[in-house]
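> sequence first, then the predicted structure:
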Amino acid sequence: MTSLTAIFGNTQSDDTEESEKLLELYWNRAELKKEFASLRDETFRLRDKIKEHDGSRARLQQKLEHLENLLLDPDWVHNVVVFYQLRALNVSCQRKLARFAEQLKQQREKREHSKLLDEWNEKKRGAAREIEQQLDDLRNQVQHLEAALQAERHRYASMGAIGRFFRKRSVTRHLDELVASIEACQQQESELMVKLEDIVNRNAPDTQGLSIPNKRSINFMILAFAQQMYLHYSDDNLADFAKEAGDKGVGAINYGSRADCDVLLDIVRKRAGSLKNVGDYADILQQRAKLLSERALYKDDDDAVPVPGTVATIYMIDENGAIRERDKNLLGENYWDVANVMSR
């Protein structure tokens with residue numbers, strides 16, 4: 001047998017080695033195919049990104065050339081200046097509204113979290129007081145038991161020999177019962193102390209999200225402020241001009257002659273710096289928010305943003321409290337980007 005193996009070799013061993021090599025080559029090939037497919041997908045992705053970048057660059061180049069042509073045209077150069085001043089006014093109003101909305105949300109979240117903490121702390125104090133009362137009762141009970149134990153020991157020690165002989169068993173049993181009661185009370189005290197420590201070491205709850213009623217209340221105030229800015233810039237149609245400049249491209253709007261543009265520029269400069277601080281008309285905002293809420297409707301019960309058509313009335317409130325109404329759907333038309341700063 002040995003000689004045959006030497007002549008022909010170990011056929012089974014050779015087959016096994018050959019199979020293992022083939023299997024290894026198969027897996028290597030599969031891994032290479034996966035890697036190739038991944039590289040191919042990455043290549044396609046990068047090519048698409050390059051095309052997108054080239055397209056964006058081409059569009060920007062077209063805009064730049066368009067702007068240069070407008071600036072070179074004496075009939076349009078003043079319109080370009082007015083356009084960008086109005087667009088700057090629109091951006092300024094958007095930022096004011098966004099800042100107002102964020103401050104309002106933070107204040108309401110802080111107030112709600114403070115209320116939550118007060119309620120949580122009150123429950124925590126109540127639970128601690130309950131445990132402390134149980135501890136006081138238990139310690140008083142231990143004092144009474146220890147006093148009874150001391151008195152029983154003293155009474156037993158003061159007995160005569162005959163009395164001790166006849167009552168030893170009953171007295172011992174009573175003493176053991178008192179000692180067992182004291183130990184049980186001490187065990188309960190230890191358990192209550194652990195509970196009290198757990199209560200003291202409880203972590204305060206994290207900040208919770210605003211409820212739907214709170215979000216709705218915030219949104220009415222945001223709409224009220226958006227209306228306030230619209231009314232401030234409604235003279236000479238500045239609010240509409242500003243929104244139009246924000247929505248359209250330069251050169252799409254003709255504001256008239258150089259003289260017309262100069263007049264409009266002067267109006268923009270004067271009106272832009274005359275908007276009062278929010279605190280100066282906070283009462284009006286609250287009153288307007290209340291009026292908006294009375295007519296607001298929602299698609300679903302868990303919606304925080306009202307249906308735009310139900311809050312499409314602007315309320316003009318003068319210093320004497322007189323109210324006039326005007327139809328204008330600021331939310332539906334997204335003046336000052338109001339739709340994107342609402343709480344949802």
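Cool, the structure landed.

> packing partners of the helix or strand harbouring Glu42?
Per DSSP states H and E: Glu42 is located in helix 11-72. On a contact count with 3 or more CB pairs under 8 Å, 6 or more residues apart in numbering; DSSP states H and E, helix 11-72 meets helix 77-157. C-beta here means a position set from N, CA and C on the backbone, and glycine is covered the same way.

> just checking, what packs against the helix or strand following the helix it packs on?
Moving toward the C-terminus from helix 77-157, the next helix or strand (DSSP H and E) is helix 161-200. The contact analysis (3+ CB pairs under 8 Å, 6+ apart) places helix 161-200 against helix 77-157.

> what mean pLDDT does the helix it packs on have?
Mean per-residue pLDDT for helix 77-157: 89.

> same thing with stretch 38-55?
On average, the pLDDT along stretch 38-55 is 82.

> pull it out as PDB, backbone CA atoms only.
Output of stretch 38-55 as PDB, limited to C-alpha atoms (Å, rounded to 0.1, in the frame of the first residue of the first chain):
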ATOM      1  CA  SER A  38     -19.400  49.700  -6.300                       C
ATOM      2  CA  LEU A  39     -16.700  51.600  -8.200                       C
ATOM      3  CA  ARG A  40     -19.000  51.800 -11.200                       C
ATOM      4  CA  ASP A  41     -21.900  53.200  -9.100                       C
ATOM      5  CA  GLU A  42     -19.600  55.700  -7.600                       C
ATOM      6  CA  THR A  43     -18.300  56.700 -11.000                       C
ATOM      7  CA  PHE A  44     -21.900  57.300 -12.200                       C
ATOM      8  CA  ARG A  45     -22.700  59.300  -9.100                       C
ATOM      9  CA  LEU A  46     -19.700  61.500  -9.500                       C
ATOM     10  CA  ARG A  47     -20.500  62.000 -13.200                       C
ATOM     11  CA  ASP A  48     -24.000  63.100 -12.300                       C
ATOM     12  CA  LYS A  49     -22.600  65.500  -9.700                       C
ATOM     13  CA  ILE A  50     -20.300  67.000 -12.200                       C
ATOM     14  CA  LYS A  51     -23.100  67.500 -14.600                       C
ATOM     15  CA  GLU A  52     -25.200  69.100 -11.900                       C
ATOM     16  CA  HIS A  53     -22.300  71.300 -10.900                       C
ATOM     17  CA  ASP A  54     -21.700  72.300 -14.600                       C
ATOM     18  CA  GLY A  55     -25.400  73.100 -15.000                       C
END
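
> which residues does the residue lying closest to Ser293 once chain neighbours are set aside contact?
Spatial nearest neighbour of Ser293, chain neighbours left out: Phe220 (5.0 Å); criterion: CB to CB, 6 or more residues apart in numbering. With contact taken as CB atoms under 8 Å, 6 or more residues apart in numbering, Phe220 is in contact with Ala289, Lys290, Leu292, Ser293, Ala296.

> domain ranges for the chain?
The chain breaks down by automatic domain parsing into domains covering 2-70, 77-110+209-340, 118-200.

> what's the most buried one of those domains?
For the domains of the chain, ranked by mean neighbour count under the definition mean count of other CB atoms under 10 Å, the leader is domain 77-110+209-340 at a mean of 16.

> end-to-end on that domain?
Domain 77-110+209-340 has an end-to-end distance of 33 Å (criterion: CA to CA, to the nearest Å).

> return the distance of that domain from the chain's centre.
What separates the centre of domain 77-110+209-340 from the centre of its chain is 24 Å, taken as CA atoms, centre = their mean, to the nearest Å.

> and for stretch 118-125?
Here stretch 118-125 is found 24 Å from its chain centre; the criterion is CA atoms, centre = their mean.

> quick one: contacts of it?
With CB under 8 Å, 6+ apart as the test, stretch 118-125 has contacts from Ile199, Arg202, Ala204, Pro205.

> which of these fall in strands?
Using DSSP state E, no member of the contacts of stretch 118-125 falls in strands.

> most neighbours out of those residues, which is it?
Ranked by the number of neighbours (other CB atoms under 10 Å), these place Ile199 first, at 18 neighbours.

> test my guess that Lys96 contacts Gln228.
No. Assessed by CB atoms under 8 Å, Lys96 is found out of contact with Gln228, at 10.1 Å.

> any idea how far Asp327 is from Gln94?
Asp327 sits at a distance of 23 Å from Gln94 (criterion: CB to CB, to the nearest Å).

> picking up where we left off before, report the distance from the helix holding Glu42 to the chain centre.
From the chain centre to the centre of helix 11-72 is a distance of 38 Å (CA atoms, centre = their mean).

> centroid-nearest residue for the chain?
Gly209 (6.2 Å; CA atoms, centre = their mean).

> helix or strand for that residue, just tell me which one.
Counting by DSSP H and E, Gly209 is part of no helix or strand.
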